[in-house]
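1. Return a 3D structure for these sequence lines:
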Amino acid sequence: MCYVAEKSFVHLEALQGLAVRISGERSVDAVLESIVHGLAQQPDVALARVWVTRPGDVCASCRMRPACPDHTSCLHLLASAGTSLTGDQWSRTDGTFRRVPFGNLRMEFCPSPVRAIATDRAGQLLHVSACSQWAHPDWIKQETIESFAGHPLVFRDETLGVLGVFRRAIINEEEFGWLQMFANQAAAAVANARAFSELDRLRQQLESHNAYLKEEVDNALRFGRIVGRSRSLLHVLRQVDDVASTDATVLITGESGTGKELLAREIHERSSRSQQPFVRVNCSAIPREMFESEFFGHVRGAFTGAMRDRPGRFQIANGGTIFLDEIGDLPLELQPKLLRVLQEGEYERVGEDVMRKVDVRVIAATNHNLAEEVRARRFREDLFYRLNVFPLALPPLRSRADDIPLLANHAIAEVSERLRIPAPALTQADAERLQQYDWPGNIRELENVIQRAVILSKGVRLRLDIALAELPLPATPVSDPDAPDVILTDREWRERERANLMKALQRADGRIYGQGGAAELLGINPTTLASRLRALKITAPKPR
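-> Numbering: from 1, shown residues only. The predicted model follows:
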């Protein structure tokens, strides 16, 4: 039967204009509100509502619980607009029918229309005269409702919800078809708004993640260019905090490439002398015959080639800090001359008999064991004690494997900026590969590898495979000196390494960390051991 509306319902142009408006909304709530309010303003529309498909959330208190098939999802009333003949506004979404199951039900109108619309994805056009079982006949009569039109909101084969319109006049087939086209456009608008909301959520998550990373980087870089947050490094940095504000002499020990000069500069920057000079002297690079001139200066004519007065390093550093790098390489016969200026704060320039006073803070560094050098009589004991007022031992990179990804990322950023190429990303797999190497050259070696990898990447992907392939293999275990020379294949070497790790785990009763753990037995950092176990797919047995 074809019904002809007594009064003009919405025109196609009006629905198209409403569709354009909702397509510009960026939030689902705004789209839904625009839909129901736009439809409620059309001629004789009493009520417009949108139910959206969502997981069940009030099943325990839902009056329609017995009709719900599985209690996992249902239709949620999220938008409602309309005006009663008494003047009341129908905008509430928390009424009796706030949730509608996908099963059989009797709603405010004829039985099961919303269920059929949502599950069968077919629109429904109902008229009061054709349905004698309206769920709320008093409301139908009081509000003079004549018809109901409902359409599923389907986008890319997914039912997003249901759009329903109650009208105080007959809705004809043409108008019902227009409403179906509008429902399709509304579904697309809802889907787009969801996508925009998800993008906004991801953007906020990314911003939060970036803020977290920035905080982590700030914490990692809060000691200037000293990058890291491993326990061993943080122990050293806490000592730096303690000694920096004093004028105490500091002796920094550590393997070559661990960053001793950076630590010395950080001590200077945190001291009261930070605005004064920081002067570095490489003791191993000064010729013996030029020692006094380099350290204390000379006057014109003091020796052949002395064409003018020249200040020494101590004079230049006056008021500031002098960093004596590689102090362990200073020849034994030159050490008393350095000891005098450290003890008395006085020196004479070469060719001059005037005693000069100097006020400097001394920071020395060495990769030698000076206590052993003293016992071997290669370093003066009194000079050692003069320097060793506050010792700081920088850990090697193999003892702070947790810092390797931070150091690598820092090096990538610096190299990329210097070379003016896009910075390639350091993946988790790359970081684990870097952590598996012992880095005998420490941070300096790591920086060289990263620089080579960045150059080879050409701004696309970090080419660690080539850069790491050029590194020497770890030292092989000590074998029987009487046994013939044997060259192991890579597979044999991996099997031997695997067997050695398993033996350490068994002896440590499956423990990796702590005293007596497998990492201690192997002499490596626990995180390095954990990385190797993952690489070799070894599962540590549970401790008894």
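2. Please count neighbours and contacts with C-alpha atoms only from this point.
-> Fine.
3. How about V45: what's its closest non-neighbour residue?
-> R167 (4.3 Å; Cα to Cα, 6 or more residues apart in numbering).
4. Isn't that neighbour up against E143?
-> No: using Cα atoms under 8 Å, R167 is not in contact with E143, being 9.4 Å away.
5. Find residues that contact each of the two.
-> Counting by Cα atoms under 8 Å, 6 or more residues apart in numbering, the common neighbours of R167 and E143 are A46.
6. And those two? Which one has more around it.
-> Ranked by neighbour count (other Cα atoms under 10 Å), R167 and E143 place R167 first, with 23 against 16.
7. circling back to that earlier point, where's the residue nearest to V45 relative to K337, distance?
-> Look at R167 and K337: by Cα to Cα, to the nearest Å, they are 105 Å apart.
8. before we move on, what about P424?
-> Taking Cα to Cα, one finds P424 at 51 Å from K337.
9. Quick one: distance of the helix or strand harbouring M502 to the chain centre.
-> Using DSSP states H and E, M502 sits within helix 490-507. How far helix 490-507 lies from its chain's middle: 34 Å, per Cα atoms, centre = their mean, to the nearest Å.
10. Which positions in that helix come out as buried?
-> Buried residues in helix 490-507, counted by 16 or more other Cα atoms under 10 Å: 497-498, 501-502, 504-506.
11. Looking at the residues you listed, which is nearest Q16?
-> Comparing these against Q16 with Cα to Cα places R498 closest, at 70.2 Å.
12. In contact with the closest one, which residues?
-> 536, 538.
13. do the same with H127
-> Contacts of H127 by Cα under 8 Å, 6+ apart are 146-148, 170.
14. pLDDT at the residue nearest to V45, what is it?
-> With respect to pLDDT, R167 scores 89.
15. Mind listing the residues bridging to it?
-> V45, S147 (DSSP bridges).
16. Identify the residues contacting it.
-> Contacts of R167 (Cα under 8 Å, 6+ apart): 44-47, 145-148.
17. Low-confidence stretches in this protein?
-> 1-11, 63, 69, 102-123, 129-135, 207-225, 459-460, 470-492, 541-544 (pLDDT under 70).
18. let's see it at 50
-> Scanning the chain for pLDDT under 50 picks out 1-7, 103-109, 112-116, 221, 473-484.
19. quick check: domain ranges of it?
-> Domain ranges of the chain: 12-199, 262-389, 398-469, 490-535, per automatic domain parsing.
20. can you tell which of these is closest to I252?
-> domain 262-389 (4.5 Å).
21. could you point out which element follows the helix ranked longest in the chain?
-> For the chain, the helix with the greatest residue count under DSSP state H is helix 173-220. Per DSSP H and E, the first helix or strand lying C-terminal to helix 173-220 is helix 231-244.
22. mind listing what's buried in that following helix?
-> Under 16+ other Cα under 10 Å, the buried positions of helix 231-244 are 233, 236-237, 240, 243-244.
23. What of stretch 405-424?
-> Going by 16+ other Cα under 10 Å, stretch 405-424 has these buried residues: 405-413, 415-416, 421-424.
24. and if you look at stretch 166-175?
-> Buried-residue list, stretch 166-175, by 16+ other Cα under 10 Å: 166-172, 175.
25. sorry, back to before: can you tell me which of the contacts of R167 is nearest N525?
-> L47 (70.0 Å).
26. Identify all contacting residues around stretch 518-530.
-> 398-402, 435-436, 501, 504-505, 507-508, 510-514.
27. Of those residues, just the buried ones, PyMOL syntax please.
-> Applied in PyMOL, the following selects the buried portion of the contacts of stretch 518-530 according to 16+ other Cα under 10 Å:
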select buried, resi 398+399+400+401+402+435+436+501+504+505+508+510+511+512+513
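28. follow-up on the earlier one: any idea which of the buried residues of stretch 166-175 is closest to L12?
-> E175 (8.2 Å).
29. ok, so what distance separates that closest one from H298?
-> 104 Å.
30. Wasn't F384 part of a helix?
-> Yes: per DSSP: H, G, I helix; E, B strand; the rest coil, F384 lies within a helix segment.
31. Check the burial of it by counting its neighbours.
-> 19.
32. residues touching the residue nearest to it when sequence neighbours are not counted, list them.
-> With sequence-adjacent residues excluded and distances taken as Cα to Cα, 6+ apart, F384 is closest to L370, at 7.1 Å. Applying Cα under 8 Å, 6+ apart to L370 gives the contacts 328, 379, 384.
33. can you list the residues you listed in JSON lines and add distance to E33?
-> Compiled in JSON lines, the contacts of L370 are given as follows (distance: Cα to Cα, whole Å):
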{"residue": "G328", "distance to E33": "78"}
{"residue": "F379", "distance to E33": "84"}
{"residue": "F384", "distance to E33": "80"}
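34. Pick out whichever of these sits closest to I455.
-> Distances from I455 to the contacts of L370, taken by Cα to Cα, are shortest for G328, at 36.0 Å.
35. Identify the residue nearest that closest one in space, chain neighbours excluded?
-> T366 is the one closest to G328 (Cα to Cα, 6+ apart), at 5.6 Å.
36. so what's the one you found up against?
-> Counting by Cα under 8 Å, 6+ apart, T366 has contacts 251-255, 325-328.
37. for Y513, same thing?
-> By Cα under 8 Å, 6+ apart, Y513 lies in contact with 519-520, 526.
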